[in-house]
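Visitor: Only the shape, not the letters, is given here:
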């Protein structure tokens, strides 16, 4: 039985979305159980043999500063959910709450794995091959050193080995060109470290890739800093919205545009479905001593249920153990390229 701890109060919609999503998830996963974390009165509407309520008296708001989540709201649904993972009561935690707060609380409670300086957020973006490209970091680390990008590549390889059942996924380094001489000094140094890791058998480094390669599916994994990754993610999420708006606008115009829209409708709907971010909802917080998954804050029932499914798959396929094994194997390369965190921070200021 895989048990997930669910922050039912987080996100833009709280229990009105998380509870129906939990019921949907339970119906689709007969070997799963849920710990519903939050205000008991708000969670009373969901009664199921494989779920129970874990009380939490506070809620981390979407606009709450990290300091509030860490120091003042010590009985928040977010914190209590992650505590279930730390205590061994659940194999993974899922929240749609404030991303910064979630990362800070998770890092504070669970700590990072040996050999990892900073956790990273990883998710999948659909590609032209019919699959998805895993990208990290998506916003946890705005400024990254080359050593951090190497760590992301190692962790991402472990994640994709679970998602795709592939022990040798390819890794691309996001750059402004494919040539090794292009990019910032951080990117050039990252390429050197990734090639060294590849020569050591720690990962399958393809080389530099450009932004369009993400959607082509050129590599299984793409590593970048959190600033670039977050912009990329939000842009991708806007595609489905744009297509939906286009269809609505065309059907509301004259007869000729309506006819054109009718002809193109099946293709556009299929494309919209392919790029629908709800299908890929559920980003892994990698590098922690426990599994934590972040759902989009505005997730609807379908999207949040998919985030639960991703956390379930990760726990069932022992993602944490695979990440630890990858890091242990790459320890010599990670140690050789690693700099103290204080020095890393100073280098980007």
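Guide: Sure, I can see it. Since we're looking at a predicted model, the values are computed, not measured.
Visitor: From now on I want contacts and neighbour counts done on CA atoms only, so please keep to that.
Guide: Will do.
Visitor: Mind jotting down where the helices sit in the stretch 151-300 of the chain?
Guide: Here the stretch 151-300 of the chain has its helices, by DSSP state H, counting those that start in this stretch, at 185-199, 211-216, 226-251, 255-274.
Visitor: mean pLDDT for the ones you listed: which is lowest?
Guide: Mean pLDDT is lowest for helix 255-274 among these, at a mean of 58.
Visitor: where are the low-confidence patches of the chain?
Guide: 238-278, 337-349 (pLDDT under 70).
Visitor: what residue is smack in the middle of it?
Guide: residue 283 (1.7 Å; Cα atoms, centre = their mean).
Visitor: Once you drop chain neighbours, what's closest to that one?
Guide: Nearest residue to residue 283, sequence neighbours excluded (Cα to Cα, 6 or more residues apart in numbering): residue 123, at 4.6 Å.
Visitor: cool, residue 92 as well?
Guide: Excluding the flanking residues, the one nearest residue 92 by Cα to Cα, 6+ apart is residue 291, at 4.6 Å.
Visitor: surely that neighbour meets residue 313?
Guide: No. Assessed by Cα atoms under 8 Å, residue 291 is found out of contact with residue 313, at 11.1 Å.
Visitor: okay, these two: which has more neighbours?
Guide: residue 291 (27 against 15; other Cα atoms under 10 Å).
Visitor: List the residues that contact that one.
Guide: 85, 91, 92, 93, 284, 285, 311, 314, 315, 320 (Cα atoms under 8 Å, 6 or more residues apart in numbering).
Visitor: Enumerate the beta-bridge partners assigned to the residue nearest to the centre of the chain.
Guide: Beta-bridge pairing of residue 283 under DSSP bridges involves residue 294.
Visitor: Could you report the separation of it from residue 62?
Guide: 17 Å (Cα to Cα, to the nearest Å).
Visitor: now residue 314
Guide: Applying Cα to Cα, the value for residue 314 to residue 62 is 26 Å.
Visitor: got the buried residues for the host helix or strand of residue 309?
Guide: In the assignment (DSSP states H and E), residue 309 maps to helix 301-316. Buried residues in helix 301-316, counted by 16 or more other Cα atoms under 10 Å: 301-312, 314-315.
Visitor: ok, and what's touching that helix?
Guide: In contact with helix 301-316 (Cα under 8 Å, 6+ apart) are residues 2-4, 17-18, 20-22, 24-25, 32, 91-94, 96, 162-163, 277-284, 291-296, 320.
Visitor: got CSV for the buried residues of helix 301-316, with distance to residue 232 too?
Guide: Shown next, in CSV, are these (distance: Cα to Cα, whole Å):
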residue, distance to residue 232
301, 24
302, 22
303, 19
304, 21
305, 23
306, 21
307, 20
308, 23
309, 24
310, 21
311, 23
312, 26
314, 24
315, 27
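Visitor: surely residue 109 meets residue 82?
Guide: Yes. Using Cα under 8 Å, residue 109 is in contact with residue 82, at 7.4 Å.
Visitor: and the two? which has more neighbours close in?
Guide: Using other Cα under 10 Å as the criterion, residue 109 and residue 82 rank with residue 82 on top: 31 against 17.
Visitor: so who does the residue nearest to the centre of the chain touch?
Guide: Contact analysis of residue 283 by Cα under 8 Å, 6+ apart lists 121, 122, 123, 124, 293, 294, 295, 307.
Visitor: Nearest to residue 47, out of those: which one, please.
Guide: Using Cα to Cα, residue 307 is the member of the contacts of residue 283 that lies nearest residue 47, at 20.7 Å.
Visitor: So residue 133, which state does it fall into?
Guide: strand (DSSP: H, G, I helix; E, B strand; the rest coil).
Visitor: For it, give its distance to residue 159.
Guide: 12 Å.
Visitor: Neighbour count for these two, which is higher?
Guide: Per other Cα under 10 Å, whichever of residue 133 and residue 159 has more neighbours is residue 159, with 28 against 24.
Visitor: Correct me if wrong: that one contacts residue 319.
Guide: Yes. With contact defined as Cα under 8 Å, residue 159 reaches residue 319; the gap is 6.5 Å.
Visitor: So this structure: which segments form each domain?
Guide: For the chain, the structural domains run 1-110, 115-279+318-349, going by automatic domain parsing.
Visitor: Just give me how far the last one sits from the chain centre.
Guide: Put plainly, it is domain 115-279+318-349. 10 Å (Cα atoms, centre = their mean, to the nearest Å).
Visitor: that older thread, which single one of the contacts of residue 291 is nearest to residue 37?
Guide: Checking the contacts of residue 291 one by one against residue 37 (Cα to Cα), the nearest turns out to be residue 93, at 10.1 Å.
Visitor: Am I right that that closest one is in contact with residue 80?
Guide: No. Using Cα under 8 Å, residue 93 is not in contact with residue 80, being 9.7 Å away.
Visitor: Which one's more surrounded, the two?
Guide: Set residue 93 next to residue 80 and count neighbours by other Cα under 10 Å: residue 93 wins out with 30 against 24.
Visitor: for the more buried one, helix, strand, or coil?
Guide: With three-state DSSP as the basis, residue 93 sits in strand.
Visitor: Could you check how far it is from residue 334?
Guide: The spacing between residue 93 and residue 334, counted by Cα to Cα, is 28 Å.
Visitor: before we move on, back to that, tally up the residues packed near the residue nearest to residue 283, please.
Guide: For residue 123, the neighbour count with other Cα under 10 Å is 23.
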